[in-house]
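> Let me see the structure of the following:
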Amino acid sequence: MRQTPKLRALLAYHVAGARLGRQADFGALVTLCDARLRAHARRLCDDPDTARDIVQDAWITIARALPGLRDDHAFLAFALRIVTRTAARDVGRKQRRRIADAGFAQTRPESELPPDGGDLKAAINALPAPQRAALALFYLDGLSIAEVALALEIPQGTVKTRLMSARARLRAYLEGD
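Below is the predicted model of the structure:
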């Protein structure tokens, strides 16, 4: 679902209402954005249950931080950035726990694209998480380079590099290399 001007205006309206303390407007924000935030969290953590927990924690942070949002039209990028931070904290906690428990961290290797064919969805899922997140936010959610950079808390040049690398890997996959 791409972010259309109509959706952006609707979000801005509900953000303004939520800032005034209207619970119905905050509920509307949750209704409008929860699936998108969950999809983003899922791309970052590769586990649906963890993604759900991350988004629940993120909504609490979003509610607390909402008064500090200066541009109501930037709500989606603002919320995605909070989900990114929450996911990063979750990953850090899990890594520290693994190191403490096992003496080493088992990280998911950045897998190569599937060599035996498959479809584009499998190829996208095989991308490293940072590339997959940038690709999805840009192409699926319709965010601009600047909004993706804000959501992922990385420079715009890094977003461009991740998109370029992801496209190259997908092209190689589709061409059978």
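> contacts, neighbours, all on C-alpha from now
Will do.
> What ranges in this protein fall below the confidence cut-off?
By pLDDT under 70, the low-scoring segments of the chain are 1, 94-118, 177.
> Could you list which residues are in contact with the closest residue to residue 72 other than its chain neighbours?
Among residues not flanking residue 72 along the chain, residue 12 sits closest, at 4.7 Å (CA to CA, 6 or more residues apart in numbering). The neighbours of residue 12, taking CA atoms under 8 Å, 6 or more residues apart in numbering as the test, are 72-75.
> Quick check: helices, which of those are part of them?
Counting by DSSP state H, the contacts of residue 12 place residue 75 in helices.
> who wins for neighbours among the contacts of residue 12?
residue 75 (21 neighbours; other CA atoms under 10 Å).
> Wait, that one touches residue 16, no?
No: the pair residue 75 and residue 16 fails to qualify as a contact (CA atoms under 8 Å) at a distance of 10.3 Å.
> check which helix or strand covers the residue nearest the centre of the chain.
Nearest residue to the geometric centre of the chain (CA atoms, centre = their mean): residue 40, 3.1 Å. Here residue 40 sits within helix 23-45, counting by DSSP states H and E.
> What of residue 159?
If you go by DSSP H and E, residue 159 is part of helix 156-174.
> gap between that helix and the chain center?
Taking CA atoms, centre = their mean, to the nearest Å, one finds helix 156-174 lying 17 Å from the centre of the chain it belongs to.
> same deal with stretch 21-33?
Offset of stretch 21-33 from its chain centre (CA atoms, centre = their mean): 20 Å.
> domains of this protein?
Using automatic domain parsing, the domain ranges for the chain come out as 1-107, 109-177.
> Helices of the chain, start to end?
So, for the chain - with DSSP H - the helices run 5-19, 23-45, 48-65, 75-102, 120-126, 129-135, 145-152, 156-174.
> Count the residues that sit near residue 61.
When counting by other CA under 10 Å, one arrives at 15 neighbours for residue 61.
> just to revisit the earlier point, please produce a markdown table containing the contacts of residue 12, extended by distance to residue 121.
Listed next are the contacts of residue 12 as a markdown table, based on distance: CA to CA, whole Å:
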| residue | distance to residue 121 |
| --- | --- |
| 72 | 33 |
| 73 | 31 |
| 74 | 29 |
| 75 | 28 |
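> Return the closest of the contacts of residue 12 with respect to residue 171.
residue 74 (32.1 Å; CA to CA).
> Distance of that closest one relative to residue 162?
Counting by CA to CA, to the nearest Å, the gap from residue 74 to residue 162 is 22 Å.
> How about residue 144: what's its closest non-neighbour residue?
Nearest-residue entry for residue 144: residue 138, 6.3 Å, with adjacent residues in sequence omitted and distances by CA to CA, 6+ apart.
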